[in-house]
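1. Give me the fold of what follows.
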Amino acid sequence: MALTMRPTGLSSRVDKDRPDYAVFCGKWNIGRIYEVRGSPDHLRWFWALHFPSKPASLHTDNRVATLETAKVEFEASWRRWLKWAKRG
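-> Numbering: from 1, shown residues only. Predicted structure coming up:
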């Protein structure tokens, strides 16, 4: 199933212009990607998967320079989690 992003609407008035997305797989909110105010350029975007359990080796969050990189890393981590979850 394809991943989709939707604006969260969680930002304060000060950060209203900052992109902030919930990431969905179907109807399930599986994570978040947002721009971090005041961060160095190479750490501007934060992404995180939301899972109750995972293998110790799986990274479920990171800070990166671009939204595109955040999307790519998020999806790669999601696919690794799916592969791990299907084993159990």
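2. Can you tell me how far H59 is from D41?
-> From H59 across to D41, the span is 21 Å (CB to CB, to the nearest Å). Quick note: C-beta positions are derived from backbone N, CA and C, even for glycine.
3. more neighbours, the two?
-> Neighbour count, other CB atoms under 10 Å: between H59 and D41, H59 has more, with 12 against 7.
4. where does the more buried one land in three-state SS?
-> Per DSSP: H, G, I helix; E, B strand; the rest coil, the local secondary structure of H59 is coil.
5. Next one, pLDDT for it please.
-> Here the pLDDT value assigned to H59 is 90.
6. go on, F51?
-> Looking at F51, its pLDDT is 83.
7. hang on, isn't it packed against S77?
-> No. Contact criterion CB atoms under 8 Å: F51 and S77 do not qualify, at 9.7 Å.
8. Settle it for me: which of those two has more neighbours?
-> Legend: neighbour count by other CB under 10 Å for F51 and S77, higher for S77 (21 against 15).
9. Please identify which helix or strand holds that one.
-> Element membership for S77 (DSSP states H and E) is helix 67-87.
10. Nothing else from me, thank you.
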